[in-house]
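Visitor: Here's a sequence, model it:
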Amino acid sequence: MILTRVDDGCIHLPELGLWLDARSRRPASDRVFISHSHSDHLGSHHEVILTAPTADLMHHRLKGQRTEHVLEWGVPRDFCQGPRAYRVTLLPAGHIIGSAMLHLESNGSTLLYTGDFKLQPSEASEACSVRPADTLIMETTFGRPEYVFPDRRKIAADILDFCQRNLALGKLPVLLAYSLGKSQELLKLLAAQSAPVLLHEETWKCTRIYERYQHQFPPYTKLKDTPGATGIVIWPPHRLNEIKSLAGKPVAVAIVSGWALDANCKYRFKADEAFPLSDHADYLELLELARRVAPKKIYTTHGFSTEFAQTLRDLGYDAQALDRADQLGLKLGV
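Guide: Below is the predicted model of the structure:
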């Protein structure tokens with residue numbers, strides 16, 4: 001049996017001295033698995049388990065010294081915490097470059113922790129790989145039935161049409177997307193057209209790290225180096241107010257996010273249009289993951305964790321939301 005607790009909003013396996021995507025600094029005696037390099041999954045820890053791309057991006061985003069156990073895909077690594085031994089294997093999660101699921105073996109039990117994941121393929125991340133486990137801990141960001149994404153090819157065509165229409169009107173098309181992951185997927189999508197692509201400086205830096213891992217992109221430059229230029233802009237949503245001063249012309253803004261399925265999404269982001277391109281699994285993919293893993297126990301976390309746990313129970317799974325106060329001290333494994 002593997003004991004798990006939720007401490008400070010983070011998943012903790014205390015008998016193994018292992019944390020999963022902890023945000024705040026953990027004790028020096030413990031290790032932390034970091035599934036990927038989005039800021040809401042990073043913390044300034046003493047000792048971490050992660051992939052090479054995640055390590056590179058973490059060096060860029062979070063300064064400081066730490067002990068890093070950099071694992072290759074599918075190659076198991078044995079660890080020990082006092083008398084307890086455990087084996088870790090990292091599997092691609094399909095979320096962003098280097099994003100990993102953690103498959104854990106200890107004392108005859110297996111556990112799969114997904115982190116953020118996506119089953120549908122993307123040119124900007126490794127293809128997701130799933131492994132059966134006794135216990136599944138899964139993220140459920142879009143765990144309600146209204147969150148089923150359209151075909152990605154249709155979304156891509158709609159984004160290109162938005163860009164071309166506004167370029168023809170003399171406007172600067174601005175695609176709002178997070179600087180790591182979504183922006184690189186958009187950049188690859190824009191290879192199908194010929195207009196220059198202009199990036200925010202942080203997006204530019206993350207894209208350069210992608211290129212270390214054999215990712216190829218169409219030509220791009222930093223917008224701040226070419227103010228007033230014509231082209232297509234990829235820009236972080238929280239920096240939208242900077243665009244008008246750099247653009248020097250009218251802009252047309254689109255938010256690119258899975259939350260675009262919400263009717264009010266474009267108004268929340270002060271955008272003209274919204275496109276539901278996501279790097280997370282949608283509702284149907286969440287169900288498919290549970291089917292593939294075929295666990296004896298499922299714990300849901302993040303997003304609509306309570307609602308999705310109920311959906312799983314209705315389908316016959318033994319499922320509970322993990323990120324709730326009454327879930328402390330649960331026993332995982334068989």
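Visitor: and Lys331, what pLDDT?
Guide: Each residue has a pLDDT score; the one for Lys331 is 45.
Visitor: Also Met1?
Guide: 59.
Visitor: Point out where the stretch 1-150 of the chain drops to low pLDDT.
Guide: Judged against pLDDT under 70, the low-scoring parts of the stretch 1-150 of the chain cover residues 1.
Visitor: so where do the strands sit in it?
Guide: Residue ranges of the strands in the stretch 1-150 of the chain, as given by DSSP state E, counting those that start in this stretch, are 2-7, 10-13, 18-20, 31-33, 47-50, 67-70, 77-81, 84-92, 100-106, 109-113, 135-139.
Visitor: Pairing partners for the last one, with directions?
Guide: Applying DSSP bridges, strand 135-139 is found paired with strand 109-113 (parallel), strand 297-301 (parallel).
Visitor: what's the answer for the third one, then?
Guide: With DSSP bridges as the criterion, the sheet partners recorded for strand 18-20 are strand 10-13 (antiparallel), strand 31-33 (parallel).
Visitor: among those strands, which is the most enclosed?
Guide: Mean neighbour count, computed with mean count of other Cβ atoms under 10 Å, is highest for strand 31-33 among those, reaching a mean of 23. Where C-beta positions appear, they are placed from N, C-alpha and C, glycine not excepted.
Visitor: now that strand: how far from the chain's centre is it?
Guide: The chain centre lies 18 Å from the centre of strand 31-33; the measure is Cα atoms, centre = their mean, to the nearest Å.
Visitor: Repeat that for stretch 218-229.
Guide: Relative to its parent chain, stretch 218-229 has a centroid offset of 27 Å by Cα atoms, centre = their mean.
Visitor: What are the buried residues along that stretch?
Guide: Buried residues in stretch 218-229, counted by 16 or more other Cβ atoms under 10 Å: Tyr220, Leu223, Ala229.
Visitor: now swap in stretch 103-116 and tell me
Guide: His103, Leu104, Glu105, Ser106, Ser109, Thr110, Leu111, Leu112, Tyr113, Thr114, Gly115, Asp116.
Visitor: closest to Ser29 among those?
Guide: Within the buried residues of stretch 103-116, distances to Ser29 taken as Cβ to Cβ reach their minimum at Ser106, with 17.6 Å.
Visitor: Would you confirm that Thr306 contacts Leu322?
Guide: No: if you go by Cβ atoms under 8 Å, Thr306 and Leu322 don't touch, sitting 10.2 Å apart.
Visitor: Show me the chain divided up by domain.
Guide: 2-146+280-332, 152-275 (automatic domain parsing).
Visitor: Which residue ranges of this protein form helices?
Guide: With helices called from DSSP state H, the chain shows them at 52-61, 152-168, 182-189, 201-211, 243-247, 265-268, 283-293, 305-314.
Visitor: Could you give the average pLDDT over the second one?
Guide: The one in question is helix 152-168. The pLDDT scores in helix 152-168 average 96.
Visitor: Packing partners of that helix?
Guide: strand 172-176, helix 182-189, strand 251-256, strand 273-275 (3 or more Cβ pairs under 8 Å, 6 or more residues apart in numbering; DSSP states H and E).
Visitor: Quick one, which of these gets closest to Glu47.
Guide: Taking Cβ to Cβ as the criterion, helix 182-189 is the member of the helices and strands packed on helix 152-168 that comes nearest to Glu47, at 28.8 Å.
Visitor: now the angle from the closest one to helix 201-211?
Guide: Counting by axes from the mean of the first three to the mean of the last three Cα atoms, to 10 degrees, helix 182-189 points 70 degrees away from the direction of helix 201-211.
Visitor: For helix 182-189, name the packing helices and strands.
Guide: Under the contact definition 3+ Cβ pairs under 8 Å, 6+ apart, helix 182-189 sits against helix 152-168, strand 197-199, helix 201-211, strand 232-235.
Visitor: which parts of the first one are buried?
Guide: The one in question is helix 152-168. Within helix 152-168, the residues that qualify as buried are Arg152, Ile155, Ala156, Asp158, Ile159, Leu160, Phe162, Cys163, Asn166, Leu167, counting by 16+ other Cβ under 10 Å.
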